[in-house]
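Trainee: Task: produce atomic coordinates for the following.
(one chain, ligands or ions: 1)
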Amino acid sequence: MLKRIMAAAALTTSTVFAQIAPTPEAEKQLARDIYKEMIEIKSGYSTGATTPVAEAAARRLRAAGFPDADIFIGGAIPSKANLVVRYHGTGARRPILLLAHTDVVEAKREDWSMDPFTFVEKDGYFYGRGTGDDKAQAAVWIANLIRYKREGFRPDRDIIVALTADEEGGGPYNGVQWLLKNQRKLIEADVCLNEGGWGESVGGKRVSNDVQVSEKYVVNYRFSVKNAGGHSSLPVPDNAIYHLAGALDRLSKFIFPLKTNKVTQAYFSAMSKIEDPSVRDDLAKVANNDPAAMERIARATTAWNATLRTTCVATQLEGGHAKNALPQLAAATVNCRVQPDDSVDYVTQTLKRIVADDQVTIEVDGAVESGPPSEMRDDVMTAVRTTTEAIWPGVPAVPMMVMGATDGLYLRAAGIQTYGVQGFFYDRDDIRFHGRDERLKVQSFYDGQAFLYELVKRLTSTR
Ligand SMILES: [Zn+2]
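Mentor: Here you go, the predicted structure:
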């Protein structure tokens, strides 16, 4: 059934949409070279620097003839620079901003089966920290910008590429926040394309090209228990570690209620037409808020579970100060990914209720940032849909809310409509962002390069 629908779609669309010309080999090689160079720069969020990535990209741009006047390098501190480059269009429309972050989550050699900062092509995959998050997109933005210039492409609006620092974990050196505050006119744009949406495949088969329109927001909590302590030879029942362990045990058994919103309803509705026939009925019901169907779909994959509810999970632990002392402190970080319409207060009150132990102090750790969802703009959604159709006939572009948070929330809060779209396809059960042996299929990288090249052209050409 699924195959028949796909074939029919392919037949009708091939006559409607122009074929996309294949990317010239030299352009693929350029993108690969930039990608490799970026992966091998250690830009770990807490121990590395993004400035060498910005400088490497600037060297490529200068070599391609971009004038210094159109290249900006700067940031919160010398090691955390951002790059902003402008390719001038006719100015008929306000600019488009192409964003990617250049810092990566830390990766330790001993945790990986290979060196995370050596770019490796093996068994049809590119391996290395940042291959998925987010250096593929950073490399492709630069390579494609160079290609537009080489081809003499004249967009109807400026194309701005910003490669920014410290998206992972935010913090004081976050490049998007810094640019908004200090160099806003450099990145002022009508619309922004960013990470956050990718292609989903199941068993190697492409099922959807996702467009992130909205995102969950992050709240970190610190659970802490303080205790007078004492000598471990004289234990008492009132123990800080046991209080904390009990709290975390209760948290581990708790789940937030299931629910949908406008974007996730559109997502599940689209998926109900393309997913495996055995779950289509349930997906359609989820789009209509059917509680029993939501239960089944949430159980089906961790991604759908995270789409349908706020989640909170313990991520870090500390406690005790000596082997032979009763602990005076036990603490944990609990990382929550909150649905856009759940409030911080609601999550805090829920956690307190679940933990139900007044020895356990529950506090929000750090600032909470959340932005409004972008509108599902016709021009953007149409360009994504038609480009997707032209490259992968029968694969729909699906609006979605992502589980992780991105820098898009700062831009949305600042009034720049931001869409997460990449065209890099990942198997739904093999998402390794932030994890060990991070990888991207070689074919997916080049397909994404072609997709983004064409998509940006469509969004910068008046027809
Ligand atoms: Zn990222």
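Trainee: Could I have the CA atoms of stretch 44-59 written out in CSV?
Mentor: Only the C-alpha atoms of stretch 44-59 are listed here, as CSV (Å, rounded to 0.1, in the frame of the first residue of the first chain):
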residue,chain,number,x,y,z
GLY,A,44,34.0,21.4,22.6
TYR,A,45,31.5,23.5,24.5
SER,A,46,33.4,23.7,27.8
THR,A,47,37.0,23.0,26.8
GLY,A,48,37.3,24.1,23.2
ALA,A,49,37.3,27.2,21.1
THR,A,50,35.0,28.2,18.2
THR,A,51,37.3,31.0,16.9
PRO,A,52,39.5,28.5,14.9
VAL,A,53,36.3,27.3,13.1
ALA,A,54,35.3,30.9,12.3
GLU,A,55,38.8,31.6,11.0
ALA,A,56,38.9,28.5,8.9
ALA,A,57,35.6,29.4,7.3
ALA,A,58,36.8,33.0,6.8
ARG,A,59,39.9,31.7,5.0
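Trainee: how many other residues sit next to the residue of the stretch 351-463 of the chain found nearest the ion?
Mentor: Across the stretch 351-463 of the chain, no residue is closer to the ion than residue 406, which sits at 6.2 Å (C-beta to the ion). Just so you know, the C-beta spots here come from the backbone N, C-alpha and C atoms, and that holds for glycine as well. For residue 406, the neighbour count with other C-beta atoms under 10 Å is 24.
Trainee: For the stretch 1-150 of the chain, which segments count as helices?
Mentor: 2-16, 25-39, 51-63, 135-150 (DSSP state H, counting those that start in this stretch).
Trainee: didn't the residue of the stretch 351-463 of the chain closest to the ion look like it was pressed against residue 194?
Mentor: Yes. Residue 406 lies in contact with residue 194 (C-beta atoms under 8 Å); the separation is 6.0 Å.
Trainee: Checking my notes, the residue of the stretch 351-463 of the chain closest to the ion in a helix, right?
Mentor: No. Secondary structure of residue 406 (DSSP: H, G, I helix; E, B strand; the rest coil): coil, not part of a helix.
Trainee: and the helices of the stretch 1-150 of the chain, which one's lowest on average pLDDT?
Mentor: Note on these: lowest mean pLDDT is at helix 2-16, with a mean of 32.
Trainee: And the residue found closest to residue 270 once you drop the neighbours it is linked to in the chain, which helix or strand is it part of?
Mentor: Closest residue to residue 270 apart from its sequence neighbours, by C-beta to C-beta, 6 or more residues apart in numbering: residue 398 at 4.4 Å. Assigned by DSSP states H and E, residue 398 belongs to strand 397-402.
Trainee: tell me which strands and helices that strand is in contact with?
Mentor: strand 205-215, helix 262-274, helix 378-391 (3 or more C-beta pairs under 8 Å, 6 or more residues apart in numbering; DSSP states H and E).
Trainee: so that strand versus helix 262-274, what angle?
Mentor: Angle, strand 397-402 to helix 262-274, by axes from the mean of the first three to the mean of the last three C-alpha atoms, to 10 degrees: 130 degrees.
Trainee: Downstream of strand 397-402, the next helix or strand is which one?
Mentor: helix 408-413.
Trainee: Check the offset of that following helix from the chain's centre.
Mentor: 13 Å (C-alpha atoms, centre = their mean, to the nearest Å).
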